[in-house]
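A.B. asks: Sequence first, then the predicted structure:
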Amino acid sequence: MELPYNVTIQELHDESGHYFYARVLELDGCQSHGETYQEAYRNIREAMEGWLEVKLEYGDVIPEPLTDNAFSGRFNLRIPKTLHKRLVVEAEKEGISLNQYAQYKLSR
C-alpha cells in the first residue's frame, strides 16, 4: 500500500451526474469514485487495499509501480505522410521545431 502507485482522479460530468472517478494505473481494474476529490481518494485507497489482498490471497503477481526511471522521454510514432507534412508546415509557421510543436500538441 505504501508503494508509489500512480493514482489518477478525474472530475466527470455525464449521464450519471457529477462525480470524481479514480483509478490506479498499474493495478488493472482497481477503480472507485466519490462525490468529492477527497472521497474518491479515500475510496481508491480502500479499493487498492482490497485489490492487493485478493492478489496476495491467490498468489497472483502484483505489478510494481511505474517510476520516472522507467521512461526515456522518447517514443517513435508512425503517421501518414500528409499529417507529417501538415505538422511540419504548422511548426514552421510557429517558428519552432517539429519536436517542440508535437510536444505542444500532445500536452494540450
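C.D. replies: Thanks, I have it. Residues are numbered from 1 along each chain as shown.

A.B. asks: so the nearest residue to residue 101 once chain neighbours are set aside is in which element?
C.D. replies: What sits nearest to residue 101 in space, not counting adjacent residues and going by Cβ to Cβ, 6 or more residues apart in numbering, is residue 91, at 3.6 Å. All C-beta spots, glycine's among them, are computed from the backbone N, C-alpha and C. Residue 91 belongs to helix 81-94 when elements are defined using DSSP states H and E.

A.B. asks: rewinding a little: could you report the neighbour count for the residue nearest to residue 101?
C.D. replies: 18 (other Cβ atoms under 10 Å).

A.B. asks: likewise the one 4 residues further on?
C.D. replies: Neighbour count for residue 95, taken as other Cβ under 10 Å: 8.

A.B. asks: For the helix or strand following the helix holding residue 91, buried residues please.
C.D. replies: Sequence-wise, the next helix or strand downstream of helix 81-94 (DSSP H and E) is helix 98-107. By 16 or more other Cβ atoms under 10 Å, the buried positions in helix 98-107 come out as 101, 102.

A.B. asks: what's helix 98-107 packed up against?
C.D. replies: Counting contacts by 3 or more Cβ pairs under 8 Å, 6 or more residues apart in numbering; DSSP states H and E, helix 98-107 is packed against helix 81-94.

A.B. asks: circling back to that earlier point, packing partners of the helix holding residue 91?
C.D. replies: helix 98-107.

A.B. asks: Now do the helix it packs on and helix 81-94, the angle between them.
C.D. replies: Computed by axes from the mean of the first three to the mean of the last three Cα atoms, to 10 degrees, the angle separating helix 98-107 from helix 81-94 equals 100 degrees.
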